[in-house]
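Participant: Task: produce atomic coordinates for the following.
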Amino acid sequence: MHMKRNVITCLSLVLSLFLTAQEIHSPAEIIKIMEASKLSYSIKILEKKLECQDYSKRLNYHDVYRVQDGDQLKTNDIKPNKKAASFLSKAEKYFQLNELDSALAFYQYTLNADSTVYTAMTYIGQIYGIRKDYPNAILWYKKAIRKNYIDYMAHWFLADIYTSTNRVNDAVDEIVIAKILNRNNPRIQNAMEAIFTKAKIHYEDWCFNPQYELGKNADSSINVTADEKWLGFALVKAVWEYEPGYRESMGVAKNNYAIIEDRESILSLYMGLTNSKTKFNKDPQFKVLKKALDEKFMDPYIIYEIILPKTPSAAYQLSEEVINLMKEYVLKIRCAK
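Facilitator: Just a heads-up that it's a prediction; the model follows:
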């Protein structure tokens, strides 16, 4: 199963953390836009709690690599040539039979036949790891990462090796990168929790769960139904979704997404919570939001908590610099030692 490249290409244009100089509107300005609108907005209080969306089946896969194309990062399928594909098939067969010498040989034959089959490097590292030849395992995982930084499996398995060799801090770094690169993978989550337990790091597993619903009636009037705490967030989302020309006025093409939409929504949420004197510590998503804004990690909060669960393949468009900033967010803001 492969990702749709058009989704990734689209997101590559919007995930820069320094995308736009467009000014964000305050909640009061959003209300003025709604009052001046040709549309009729109806606001109601949400009377039920909305459950978290289930994104558990939205997973990234290991058979992709990315290349720098000008100022863009492009993601492609790994497609071995005919000879390499034959060697790779035999390597995988021998690996399943636990004939590791033969598997290792054929993974190396695969790379000799086609040096772009970077996954073979990860599998070679895995064989050395199984044999407890940790120096060679580390060597091959690092080779795989240098050639294809988005190989979440190489980061994940490298974290396991670091754990086995008591390099816990290094293990923490690598497993967090793996988590960012495959946000919803349950096995990576389990591995991360195990490593964090060793490192005495607490990771509270919660979802960003906005409490609002939007709808458009036959007469084009707009329904905004929201929990009181989420009303500011919901109003911004309604304007972005329905207000004619608003998205374009913010420098975003129709039907496209840009991170400025969630910046505006999040700031409206935060201002509403602050004005209502909400106790942030009672809800982890609010507690972490306050900490993220205080420490200037708003964009990493948006990417990690909002974008990546919905669209995990967006991680493949994050530069190494941004991924490391995301790692800092997870460890400094999301977690507690």
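Participant: Surely Ala113 is in contact with Asn81?
Facilitator: Yes. Counting by C-beta atoms under 8 Å, Ala113 touches Asn81, with 6.5 Å between them. The C-beta positions use only the backbone N, C-alpha and C, and glycine is treated the same way.
Participant: if you count what's nearby, which of those two comes out ahead?
Facilitator: Ala113 (18 against 13; other C-beta atoms under 10 Å).
Participant: In contact with the more buried one, which residues?
Facilitator: Pro80, Asn81, Lys83, Ala84, Phe87 (C-beta atoms under 8 Å, 6 or more residues apart in numbering).
Participant: right, and the first one touches Val117 too?
Facilitator: Yes. Using C-beta under 8 Å, Pro80 and Val117 qualify as a contacting pair, with a distance of 4.9 Å.
Participant: Report the set of residues contacting both of the two.
Facilitator: Leu88, Thr110.
Participant: can you map out the strands along the stretch 151-300 of the chain?
Facilitator: 202-203, 212-216, 222-226 (DSSP state E, counting those that start in this stretch).
Participant: now the ones you listed in TSV, with mean pLDDT?
Facilitator: Listed next are the strands of the stretch 151-300 of the chain as TSV, based on pLDDT from 0 to 100:
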stretch	mean pLDDT
strand 202-203	95
strand 212-216	97
strand 222-226	98
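Participant: Can you tell me which of the contacts of Ala113 are classed as buried?
Facilitator: Among these, the ones that count as buried by 16 or more other C-beta atoms under 10 Å are Pro80, Ala84, Phe87.
Participant: Would you mind confirming that the second one is in contact with Tyr118?
Facilitator: No. Using C-beta under 8 Å, Ala84 is not in contact with Tyr118, being 11.6 Å away.
Participant: quick one on the thing from earlier: which one of the strands of the stretch 151-300 of the chain lies closest to Lys142?
Facilitator: Between Lys142 and those, the shortest separation by C-beta to C-beta is 25.4 Å, and it involves strand 202-203.
Participant: Sheet partners, orientation included, of that closest one?
Facilitator: strand 335-336 (antiparallel) (DSSP bridges).
Participant: Surely Ser89 is in a helix?
Facilitator: Yes. Counting by DSSP: H, G, I helix; E, B strand; the rest coil, Ser89 is part of a helix.
Participant: Distance of it relative to Ala120?
Facilitator: 12 Å (C-beta to C-beta, to the nearest Å).
Participant: check contacts around Tyr149.
Facilitator: Arg66, Glu320, Ile323.
Participant: okay, those residues in CSV with secondary structure, distance to Pro135 and pLDDT next?
Facilitator: Formatted as CSV, the contacts of Tyr149 follow (DSSP: H, G, I helix; E, B strand; the rest coil; distance: C-beta to C-beta, whole Å; pLDDT from 0 to 100):
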residue, secondary structure, distance to Pro135, pLDDT
Arg66, strand, 28, 93
Glu320, helix, 24, 95
Ile323, helix, 26, 97
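Participant: These into a markdown table, with extra columns for neighbour count and distance to Tyr141?
Facilitator: Formatted as a markdown table, the contacts of Tyr149 follow (neighbours: other C-beta atoms under 10 Å; distance: C-beta to C-beta, whole Å):
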| residue | neighbour count | distance to Tyr141 |
| --- | --- | --- |
| Arg66 | 18 | 18 |
| Glu320 | 11 | 16 |
| Ile323 | 19 | 16 |
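Participant: could I get the residues you listed as a markdown table with distance to Phe286?
Facilitator: Output for the contacts of Tyr149, formatted as a markdown table (distance: C-beta to C-beta, whole Å):
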| residue | distance to Phe286 |
| --- | --- |
| Arg66 | 35 |
| Glu320 | 31 |
| Ile323 | 26 |
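Participant: Count the residues that sit near Ala144.
Facilitator: 24.
Participant: Which positions within whichever strand or helix holds it qualify as buried?
Facilitator: Here Ala144, judged by DSSP states H and E, is contained in helix 134-147. The neighbour-count check on helix 134-147 (16+ other C-beta under 10 Å) flags Ala137, Ile138, Trp140, Tyr141, Lys143, Ala144, Ile145 as buried.
Participant: Any idea how far that helix is from the middle of the chain?
Facilitator: Mean-position distance between helix 134-147 and its chain equals 24 Å (C-alpha atoms, centre = their mean, to the nearest Å).
Participant: so how far is stretch 85-93 off the chain centroid?
Facilitator: 31 Å.
Participant: Just the buried positions in it, please.
Facilitator: Phe87, Leu88, Lys90, Ala91, Glu92.
Participant: Show me the two of those that sit farthest apart.
Facilitator: Most distant of the buried residues of stretch 85-93, by C-beta to C-beta, are Phe87 and Glu92, 9.8 Å apart.
Participant: can I see the domain layout of this structure?
Facilitator: In terms of domains, the chain is parsed into 5-57+206-336, 64-200 (source: automatic domain parsing).
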